[in-house]
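Enquirer: Let's see this in three dimensions:
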Amino acid sequence: MAEAERIIGTPDTPDADRDGQETAGAEGTAAETERPRGKRRVGVLFAVAAFAYALDLISKMIVVAELEHQEPIEIVGDWLRFEAIRNAGAAFGFGEAFTVIFTVIAASVIVVIIRLARKLYSLPWAIALGLLLGGALGNLTDRIFRSPGVFEGAVVDFIAPKHFAVFNLADSAIVCGGILIVLLSFRGLDPDGTVHKD
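Expert: Okay, the predicted model is just below:
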């Protein structure tokens, strides 16, 4: 009987255990293959955000120092001018009565992006979220540190196309990031690098 069990093999034998381990190992390898490849793109996200934020901050410092309370500067005739204004509303001057609410929204967006970065493997998503983060930080800095007060500060806008609202580089970064996210979502690319099909 013992000889028959040795030849046939039972679940308690070392041979069976080894076979089970090999099967589990094969399943684990397959699961690892399905995971998004490559390192997380957190570095790219924060590099893009830092660049967008620095560009916005520097441009606003120059505008406040050189252009505020001055005549607008024509860049392309009357089609594009640099004109310093203070905007208490959202992007492009909308909703000036809700400054505090927009401040809270901007802060919430920043928190969500930072939390999402832990699952980020897609380079295009890293760029898109970096633009959003940099733009949100740029306008949030104005909300906190500029007059009339903390969380009620007016954002510095200065890019004034003809027949369009005045905006700044932070607004541009937010819009470009948002458009890129819509395109990525339309193509089915998720932040973790996987592609889904509806």
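
Enquirer: now the spatially most central residue of the chain: how far from F102?
Expert: By Cα atoms, centre = their mean, the chain has its centre lying nearest to L129, at 1.5 Å. Going from L129 to F102 by Cβ to Cβ, to the nearest Å gives 19 Å. For glycine as for every other residue, the C-beta is placed from the backbone atoms N, C-alpha and C.

Enquirer: Helices of the protein, residue ranges please.
Expert: Here the chain has its helices, by DSSP state H, at 2-8, 14-34, 42-66, 99-116, 123-145, 169-186.

Enquirer: now these in CSV, with distance to F82 and mean pLDDT?
Expert: As requested, the helices of the chain are exported to CSV (distance: least, Cβ to Cβ, whole Å; pLDDT from 0 to 100):
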stretch, distance to F82, mean pLDDT
helix 2-8, 87, 43
helix 14-34, 51, 48
helix 42-66, 7, 96
helix 99-116, 24, 83
helix 123-145, 17, 94
helix 169-186, 12, 94
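
Enquirer: Check those helices for me and report the most buried one.
Expert: Mean neighbour count (mean count of other Cβ atoms under 10 Å) peaks for helix 123-145 among those, with a mean of 23.

Enquirer: tell me which strands and helices it is in contact with?
Expert: Contact here means 3 or more Cβ pairs under 8 Å, 6 or more residues apart in numbering; DSSP states H and E; on that basis helix 123-145 packs against helix 42-66, helix 99-116, strand 155-161, helix 169-186.

Enquirer: what's stretch 44-62 in contact with?
Expert: 113, 117, 120, 123, 126-127, 129-131, 133-135, 137-139, 141-142, 156, 158, 168-170, 173 (Cβ atoms under 8 Å, 6 or more residues apart in numbering).
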